[in-house]
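Engineer: Sequence and computational prediction follow.
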Amino acid sequence: MSKYIINGGNKLGGKLNINGAKNAVLPILAASVINGKENVIIGYPNLRDVNTMVKILRSIGCKVQKTPESIVINSENVNSFEVSENLVREMRSSIFLMGPMLGRCGKIKISYPGGCEIGPRPIDLHLKGLREMGVKISEAHGFLECTVEKLKGSEIHLDYPSVGATENIMLAAVLAEGTTVIRNAAKEPEIVDLQDFLTGMGAKIQGAGTSVIQIDGVKNLTGVEHKIIPDRIVAGTILASAAITKSEIIIENVIADHLVSVLAKLKEVGCIVLEKNSAIKIIPPSVLKSVDIIRTLPYPGFPTDMQAQFVSLLSIAKGTSIITETVFENRFKHIEELIRMGARIKVDGRVAVIKGVPKLTGAKVTAKDLRGGAALVIAGLAAEGRTIVENIVHIERGYDNLDIMLQNLGADIRKID
Ligand code: EPZ
């Protein structure tokens, strides 16, 4: 089982280029099934989840060529309507195939995506939206069998601004008959990127980034070439690494506008944050300040995907901070590991109370999920002595060689298999 070995205490420095966003490229790869044409995706992150989605696309008949520069998907010959169980288990984002396959072929059989490390991850809002568009869905033996004659445009109100449900319904609506309006839609930047990809192939969509998205069904679509937006969570993770090690660094190829709530909290911690074109420079304080409260919320609120990284950062701030995780049910698994490193944190349900300590000490810790694992790496960078982070397969799902990124900034971190 691969692990990271980190010797803490190094100052970081220099510049780092941020790669494409995992949570943009996954729905966009699924969307490439819709048009039956050749689609070129550039600036994608080379992640485990991307490779799994490519495997799924090939398994249903798409021709996919993946080079370091681009992924080219030709979806002309989609010839299977079943997504295998082991692939769905490998990556729950395979549910993004429901919308495109129902639009393209009118059917899909997919195994029920299980929960994952951070919660049960229900898909009731996805299914409710698709049923309102006329899809017949039978749930039996752990599978979802979906069929529809012709998807029909509908007025859909989401009880919660679910990112995945918003995207799945958008994907189904592109080829539906008539107009679909999604209200209380999620507003994440990755949804705007998906809209740009879809309109690039001729779909008629407007409103992504706001809570009302309107999609007018079309009949014909062309191929499209699209560059993936930078990953705001990777950017936030690197900035938190700089802050916790009191290091001045610059990150490039970022969209600061996607990080407003994270930059605001870094400033509350005492960092100076300078934005110039598509770069951000961070200058941390010598002593990190605690933050009264951070509540994770749907975009543009503070992102749940940055919660764990901030728990690590605030564990050595001066004073007590409170973090409330309002989005997922079980996303504090990194905290027991941080306590092994000397953090003083109390968890009560969805609230974590973090009493800052002067320093953390290196320990053997285990990554339990993607962002929690990244948080342990961040803690290890600042901890005194050696930290061993085990089970880094979780981290590799969302970070393209996090160890190399940090090595390039001067961290003493290496991966051993
Ligand atoms: C996306 O997950 C991201 N994943 C997550 O990133 C991110 O944390 C999350 O959005 C919130 O921003 C991808 O984009 C691939 P949701 P998603 O549907 O779509 C509940 C990472 O670390 N819900 O907005 O699954 C759900 O249980 C990952 O990169 C329902 O109840 O998130 C959760 O409590 C982790 N019913 C809340 O909504 C539904 O039908 C938010 O889920 C759907 C969701």
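Structural biologist: Looks like it came in fine.
Engineer: quick one, strands of the stretch 301-417 of the chain?
Structural biologist: Taking DSSP state E, counting those that start in this stretch to define them, one finds strands in the stretch 301-417 of the chain at 320-325, 344-348, 351-355, 364-366, 386-390, 412-416.
Engineer: scratch that, the stretch 1-150 of the chain is what I was asking about
Structural biologist: 3-7, 15-17, 38-42, 63-66, 70-74, 82-83, 107-111, 136-140, 143-147.
Engineer: count of neighbours near residue 49?
Structural biologist: By the measure other CB atoms under 10 Å, the count of residues near residue 49 is 22. (Glycine included, C-beta is placed from N, CA and C.)
Engineer: That one contacts residue 94, doesn't it?
Structural biologist: No. With contact defined as CB atoms under 8 Å, residue 49 does not count as touching residue 94 (9.8 Å).
Engineer: Around the ligand, pick out the residues from the stretch 251-400 of the chain.
Structural biologist: 304, 305, 327, 328, 370, 371, 398 (CB under 6 Å from any ligand atom).
Engineer: I'd say the second one and residue 371 touch.
Structural biologist: Yes. Here residue 305 lies in contact with residue 371, judged by CB under 8 Å, at a distance of 5.4 Å.
Engineer: residues shared between the contacts of the two?
Structural biologist: Shared contacts of residue 305 and residue 371 (CB atoms under 8 Å, 6 or more residues apart in numbering): residue 233.
Engineer: Same list (the residues of the stretch 251-400 of the chain next to the ligand) but as TSV, adding pLDDT and neighbour count.
Structural biologist: Shown next, in TSV, are these (pLDDT from 0 to 100; neighbours: other CB atoms under 10 Å):
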residue	pLDDT	neighbour count
304	98	20
305	98	25
327	97	22
328	95	19
370	96	23
371	98	26
398	93	24
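Engineer: which of those residues sit farthest apart?
Structural biologist: Greatest spatial distance among these (CB to CB): 327 and 398, at 16.2 Å.
Engineer: what's the distance between residue 336 and residue 347?
Structural biologist: From residue 336 over to residue 347 the distance is 9 Å, taken as CB to CB, to the nearest Å.
Engineer: tell me the contacts of the spatially closest residue to residue 111 that is not a sequence neighbour?
Structural biologist: By the measure of CB to CB, 6 or more residues apart in numbering, the closest residue to residue 111 outside its immediate chain neighbours is residue 85, 4.0 Å from it. Shown in contact with residue 85 (CB under 8 Å, 6+ apart): 111, 142, 143.
Engineer: nearest to the ligand, of those?
Structural biologist: Of all the contacts of residue 85, the ligand sits closest to residue 111, with 16.3 Å by CB to the nearest ligand atom.
Engineer: any low-confidence regions in the protein?
Structural biologist: Residues of the chain meeting the criterion pLDDT under 70: 114-115.
Engineer: let's go with 90 and repeat that
Structural biologist: Along the chain, the parts satisfying pLDDT under 90 run over 1, 83-92, 112-122, 139-142.
Engineer: tell me the helices in it, going along the chain?
Structural biologist: Under the criterion DSSP state H, the chain carries helices at the ranges 22-31, 48-59, 85-90, 98-104, 124-132, 163-173, 189-200, 232-244, 260-268, 307-314, 333-340, 370-382, 393-396, 402-408.
Engineer: would you turn those helices into TSV with distance to residue 157?
Structural biologist: Output for those, formatted as TSV (distance: least, CB to CB, whole Å):
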stretch	distance to residue 157
helix 22-31	21
helix 48-59	29
helix 85-90	27
helix 98-104	17
helix 124-132	9
helix 163-173	11
helix 189-200	17
helix 232-244	27
helix 260-268	25
helix 307-314	27
helix 333-340	33
helix 370-382	30
helix 393-396	34
helix 402-408	39
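Engineer: can you tell which of those helices is closest to residue 14?
Structural biologist: Among the helices of the chain, helix 402-408 comes nearest to residue 14, with 6.8 Å by CB to CB.
Engineer: what does the closest one rub up against?
Structural biologist: Residues contacting helix 402-408 (CB under 8 Å, 6+ apart): 4, 12, 14, 16, 237-238, 241, 374, 377, 381, 395-396, 399, 413-415.
Engineer: Could you check how far that helix is from the centre of its chain?
Structural biologist: Here helix 402-408 is found 19 Å from its chain centre; the criterion is CA atoms, centre = their mean, to the nearest Å.
Engineer: Counting neighbours, which bits of it end up buried?
Structural biologist: By neighbour count with 16 or more other CB atoms under 10 Å, helix 402-408 contains the buried residues 402, 403, 405, 406.
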